[in-house]
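Q: 3D model of this:
(chains A and B)
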Amino acid sequence: MATNNDTRILIVDDETIVRESLGSWFREEGYSVDVAASAREALEKLSQEAWDIFLLDIRMPGMNGLELQRKIKEAHPDSTIIIMTAYASVETAVEAMKQGAYDYIVKPFDPDDLEHLVRNAIERKQLVSENIQLRSKIDEMNLFHEVVGKSDAMRRVLEQVAMVSASDTTALIRGESGTGKELIARAIHANSPRRYLPIVVVNCGSLSEGVLESELFGHEKGAFTGAHYRRKGKFEMADGGTLFLDEIGDINLKTQVDLLRVLEEKKITRVGGNVEIPVNFRLIAATNKDLEAMTAEGKFREDLYYRVNVFSIAIPPLRERREDIGPLVEHFVKRFTQSMNKPIRRLAPETMELMRGFDWPGNVRELQNAIERAVLVCKTKEIQPDDLPLQVSDSRGKATNGKSLSDVERQHVKKVLEETGWNVYQAARLLEIDRVTLYNKIKKYGFKRIDK
Amino acid sequence: MCVTFHALRFTAVIPMTEINIVPVGSVDRNILEYLSAALSETIGARCVVSSITVDPSDAFNATRHQYNSTQILSKLLEAGRRNGGKLLGVADVDLFIPVLTFVFGEAQLDNQAALTSVHRLRQRFYGLPEDERLFFERCEKESLHELGHAFGLLHCREWECVMHSSNSIEQVDLKKSVFCDSCAAMLASNGSSR
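A: Model (predicted):
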């Protein structure tokens, strides 16, 4: 199979022999090659056609290679330029590289080196154009497409997201469990200039003190028993991007001090290490706790509170924005019918009524889980009230005041916990809620495990 | 994609082409005769060791202690102009083109002349014990490669094809002394049209 390379190379050198020999060498490789004897001729050719790779001689009468490189870069900043010189000097190499040359090669070239250099330059060019394409795809994506809600309250939240996204300001997202704090954090990240770099999520509530510290700061090999390898922490992993600390109210006082220091100094030291590593991330924190009360009680450091609470976004619970229930139901029904490949068209009117009247203590997450279950068990083209989870379907005919529902929930959660022998993972699965929500409910209702 | 390799056995495909193997300076006669036989078999054209020789001494560069291959190629063309067919110059000196530290050979793309040097094909050049079988194999590969260029073939992406570029001796050893299907077909087509 003969090569059919689309790469176009322009060789600029005042020596005929170099132009000819290099030109024929590249032609044998299958590249499209043209040559120019001077910078002026090269610029003329450049005005007529586009080139992928330029090989420029550094010493030419009239305009030299470095000046030509500047002109090419002005017109085509993404050009790949390789500087050729017979005079190996560090200064010219440094100068060429400073001005954005891809590489520098000393005449005469080793054929193997030349081959590798050009091949790497082509690969780089392909990666750059692929990167540009991917970035434009990210830009084209509707950055709020996952956030569903038409209520005034949600519109205000989205306005705040748009406001805070463009800056590097620390944002604090507040709201009950299941209201979509992480989704809002992701929307802020996706609209920020840091969107091409990662967003790293840490759920502080789910990790114990020691684990959280090594999770955030990383650790050196041998820092503690079981630290067999050096590991980067989340601060380092979020470098250039966004760090989302969920449940920041659950961080213990010692880690609060460490976190405050990182936020102030923008440097970290890995557990068991002694080298300071600079980090650059934007912090978004979230909590469902009353941080002000915690600060007053001394459970949350005041200085950290002021550091974190720069721009606060409060997501109202679902029961306070019932007009969003309809669009949310539609959104999740569409998502789950597609993923489970079910021919469900809509919700029966009484089902929708039931959902609108329910208080959704677990907020959007609970609603999402309820619909997932309903789509799974539904056998007709319309979701019936009986397809919904018990706590929702049982609210039929009952007064929809918070107390009676709460009572039902309290009894049900307690029953499931007892049935599973207080296996929180299993209980959460049966309840179709996540573990964090279950922990919150256990705290809310003051349940205590009674060991036999 | 499955690519098969084979030596061309269809002598009838390029019957009009004769390949003249021209010694450049002093070259071991055994190499020339081996190439004559091996190339005839692979390319399917008549290969003869020419009675003319080319003196490379004018192309010697005292600074580099190497011979300018482009200059030798010109001399080869001049000497063999009256002959029809292709000219394959075989040298036993180190060749260079000004922009590269060395070349194994050089050819005029889709033209009459090709030049190859056996100088860097010996194990001795790399400080290793001599291996005659390997040396002859390398001579055959590089000769086929340069002749391929003279027949209009470019470098091939198939790493086992003899037209794959070889900028180091390891790359010469990796490829086979045959053309891949695609290059063989192109060679047959280019050869018969001339």
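
Q: Not counting residues beside it along the chain, what's closest to B:Cys156?
A: Excluding the flanking residues, the one nearest B:Cys156 by Cβ to Cβ, 6 or more residues apart in numbering or on different chains is B:Met163, at 3.9 Å. The way it works is simple: take the backbone N, C-alpha and C, and place the C-beta from them, glycine included.

Q: how about the helices of chain B, start to end?
A: B:29-43, B:69-80, B:132-150, B:169-174, B:181-192 (DSSP state H).

Q: Quick one: mean pLDDT over the longest one.
A: When you say that, I think you mean helix B:132-150. Taken as a whole, helix B:132-150 has an average pLDDT of 96.

Q: how about it, does it get close to chain A?
A: Yes. With Cβ under 8 Å from any Cβ of the partner chain as the criterion, chain A is reached by helix B:132-150 at B:His149.

Q: Only the buried residues of that helix, if you could.
A: Buried residues in helix B:132-150, counting neighbours by 16 or more other Cβ atoms under 10 Å in any protein chain shown, are found at B:134-150.

Q: same for that helix, what does it pack against?
A: Using 3 or more Cβ pairs under 8 Å, 6 or more residues apart in numbering or on different chains; DSSP states H and E, the elements in contact with helix B:132-150 are helix B:29-43, strand B:86-91, strand B:105-107, strand B:113-117, helix B:169-174.

Q: export those to CSV and tack on mean neighbour count?
A: Formatted as CSV, the helices and strands packed on helix B:132-150 follow (neighbours: other Cβ atoms under 10 Å in any protein chain shown):
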stretch, mean neighbour count
helix B:29-43, 18
strand B:86-91, 28
strand B:105-107, 26
strand B:113-117, 29
helix B:169-174, 15
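
Q: Columns distance to chain A and mean pLDDT on top of these, output as TSV?
A: Putting the helices and strands packed on helix B:132-150 into TSV (distance: least, Cβ to the nearest Cβ, whole Å; pLDDT from 0 to 100) gives the following:
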stretch	distance to chain A	mean pLDDT
helix B:29-43	17	93
strand B:86-91	16	96
strand B:105-107	8	93
strand B:113-117	11	96
helix B:169-174	8	95
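
Q: A:Phe332: which of these is closest?
A: Closest of those to A:Phe332 is helix B:169-174, at 57.5 Å (criterion: Cβ to Cβ).

Q: Residue nearest the middle of chain A, spatially speaking?
A: For chain A, A:Ile199 is the residue whose C-alpha lies nearest the centre (Cα atoms, centre = their mean; 3.3 Å).

Q: Look at A:Val202 and tell me its secondary structure.
A: strand (DSSP: H, G, I helix; E, B strand; the rest coil).

Q: For it, list the residues it contacts.
A: By Cβ atoms under 8 Å, 6 or more residues apart in numbering or on different chains, the contact set of A:Val202 is A:212, A:215-216, A:234, A:243-246.

Q: what pLDDT does it get?
A: We have a pLDDT of 90 for A:Val202.

Q: With the one 4 residues further on instead?
A: Per-residue confidence for A:Ser206 comes out at a pLDDT of 76.

Q: Excluding covalently adjacent residues, which one is nearest to it?
A: Going by Cβ to Cβ, 6+ apart, A:Ser206 has A:Val436 as its nearest residue, at 7.1 Å.

Q: cool, B:His119 as well?
A: Spatial nearest neighbour of B:His119, excluding adjacent residues (Cβ to Cβ, 6+ apart): B:Asp94 at 4.7 Å.

Q: how far away is that neighbour from B:Phe102?
A: 6 Å (Cβ to Cβ, to the nearest Å).

Q: Can you see whether the helix ranked longest in chain A contacts chain B, counting any residue in it?
A: Ranked by residue count, the top helix of chain A under DSSP H comes out as helix A:111-140. Yes. Using Cβ under 8 Å from any Cβ, helix A:111-140 reaches chain B at A:111-112, A:114-115.

Q: May I see the buried residues of that helix?
A: Burial within helix A:111-140, assessed by neighbour count using 16+ other Cβ under 10 Å, is assigned to A:111-112, A:114-115, A:117-118, A:121-122, A:125.

Q: just checking, what packs against it?
A: Judged by 3+ Cβ pairs under 8 Å, 6+ apart, helix A:111-140 is in contact with helix A:16-28, strand A:53-57, strand A:80-85, strand A:103-106.

Q: Great, nothing more from me.
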